[in-house]
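> Provided below for reference: sequence and predicted model.
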Amino acid sequence: MPNLTVEIFGVKFKNPVWVASGTFGYGIEALELYDVSRLGAVVTKGISLKPREGNMPERIAETPCGMLNSIGLQNPGVDDFLKKIYPQIKNVDTHFIANIFGEDEEEYVEVCSALEEADKIVAYELNVSCPNVKRGGMLFGHDESVLGRLVERVKASVKKPVLVKLSPNTGDLRPFARVCMDAGADALVLINTLLGMKIDIKTQKPELSTFMGGLSGPAILPIAVRMVWEVFSQLGSGLPIIGVGGIYDADSALQHVLAGAVCVQVGTANFFDPYAPIKILESIESYMSEKRIENFTDLVGRAHQLFVRP
Ligand SMILES: Cc1cc2nc3c(=O)[nH]c(=O)nc-3n(C[C@H](O)[C@H](O)[C@H](O)COP(=O)(O)O)c2cc1C
């Protein structure tokens, strides 16, 4: 049997296939469908300090090979998460990672601090694709110095590992990746959704209530793979990369891995095939057996070694 375990930032994951924030609820919804403990990890829906209702409908639209969403980070807030949701995930035998966002640095710190004693949560994933209210709504992840300060501040305040999920809308993630590494981040998660728009030609209006939304799904796979490749080229194995964006089968997952991702997250694919993460896991196992690869981690960044510049 190939060895699929991955050990990063001091945590051992049974396999590298995780599910992405916002596309799998809190992990409990899927328990009726399959044994969620087969997953390497579950990343929760975004959690904030106070409850949030999210945006008005329409907040989802279908696009060629993908979807747009402008959910607006709807969630019950960290207190309700701990009271009502956490007890339900406590007995699921896999790791949980809490996806966190805030309106200012202090809120990120407060939400993470509230989760410090929740043992099932092994790490925090900071969603930095959200507006910094104290900076006139500019996204945390779109300004290198703001991002660096946020990561430093959270790292100084919490004990658990801190993963930073970058916004691809800056175009080049390398400077942001470097800033996160220097600020002490434990891993990078690449990528969040890309800003997009859809217009309904019947009504001649934008389909989403917010006009624009985040594009996800297979449509963004080549962009995500390019970004993982670029950041891995720059940082090497200095900082683990978790690949997310467009993954829907073993081929798309392995592209992320060969580009440099040590684990992958399955997102939008959960909506069109809830069993996708399990199928991906099984197909990666078969791929490794066929190619006689004993350890999954031998595949990480392998395309760089085999790459000959034309
Ligand atoms: C409906 C929906 C909700 C999402 N909510 C969050 C969220 O709360 N926090 C976050 O960091 N990313 C969120 N994402 C982004 C995904 O986790 C993922 O980064 C993105 O969709 C790209 O992966 P995919 O192409 O596999 O879906 C959301 C995506 C979708 C489609």
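Perfect, I can see it now. Numbering: from 1, shown residues only.

> How about this protein: which residue is closest to the ligand?
Nearest residue of the chain to the ligand (C-beta to the nearest ligand atom) works out as Gly22 at 2.0 Å. In short, each C-beta sits where N, CA and C put it, glycine included.

> what secondary structure does that residue sit in?
Following DSSP: H, G, I helix; E, B strand; the rest coil, the label given to Gly22 is coil.

> Surely Arg281 touches Val17?
Heads up, residue 281 is Leu, not Arg. Yes - contact criterion C-beta atoms under 8 Å: Leu281 and Val17 qualify, at 4.5 Å.

> what do those two both touch?
In terms of C-beta atoms under 8 Å, 6 or more residues apart in numbering, Leu281 and Val17 are both contacted by the residues Leu39, Gly40.

> between these two, who's got more neighbours?
For Leu281 versus Val17, neighbours defined as other C-beta atoms under 10 Å are more numerous around Val17 (27 against 21).

> residue contacts, the more buried one?
Leu39, Gly40, Ala253, Cys263, Val264, Val266, Pro277, Ile280, Leu281, Ile284.

> If we use 6 Å, what do you get?
Gly40, Pro277, Ile280, Leu281 (C-beta atoms under 6 Å, 6 or more residues apart in numbering).

> May I ask which of these has the most neighbours?
Greatest neighbour count in the contacts of Val17, by other C-beta under 10 Å, goes to Pro277: 30 neighbours.

> isn't there a strand covering that residue?
No - applying three-state DSSP, one finds Pro277 to be helix, outside a strand.

> Which residue, other than its chain neighbours, is closest to it?
In space, and not counting its chain neighbours, Pro277 is closest to Val266: 4.5 Å by C-beta to C-beta, 6 or more residues apart in numbering.

> I'd assumed Ile247 was in contact with the one you found.
Yes - here Val266 reaches Ile247: they are 5.2 Å apart, a contact under C-beta atoms under 6 Å.

> the more surrounded of those two?
Set Val266 next to Ile247 and count neighbours by other C-beta under 10 Å: Ile247 wins out with 31 against 27.

> Contacts only, for that one.
Ala253, Val264, Val266.

> ok, now with 7 Å
Ala253, His256, Val264, Val266, Ala269 (C-beta atoms under 7 Å, 6 or more residues apart in numbering).

> got a list of contacts for the helix or strand harbouring Glu152?
Assigned by DSSP states H and E, Glu152 belongs to helix 144-157. With contacts defined as C-beta under 7 Å, 6+ apart, helix 144-157 is touched by 105, 108-109, 112-113, 126, 128, 132, 135, 140-141, 162, 164, 175-176, 179-180, 182-185.

> what sits up against the helix or strand just after it?
The helix or strand immediately downstream of helix 144-157 is strand 162-165, counting by DSSP H and E. Strand 162-165 is contacted from outside by 97, 123-128, 151, 154-155, 180, 185-189, 192, 242, using C-beta under 7 Å, 6+ apart.

> Just to be sure, which of the residues you listed are found in helices?
Judged by DSSP state H, the contacts of strand 162-165 include Val151, Val154, Lys155, Cys180 as members of helices.
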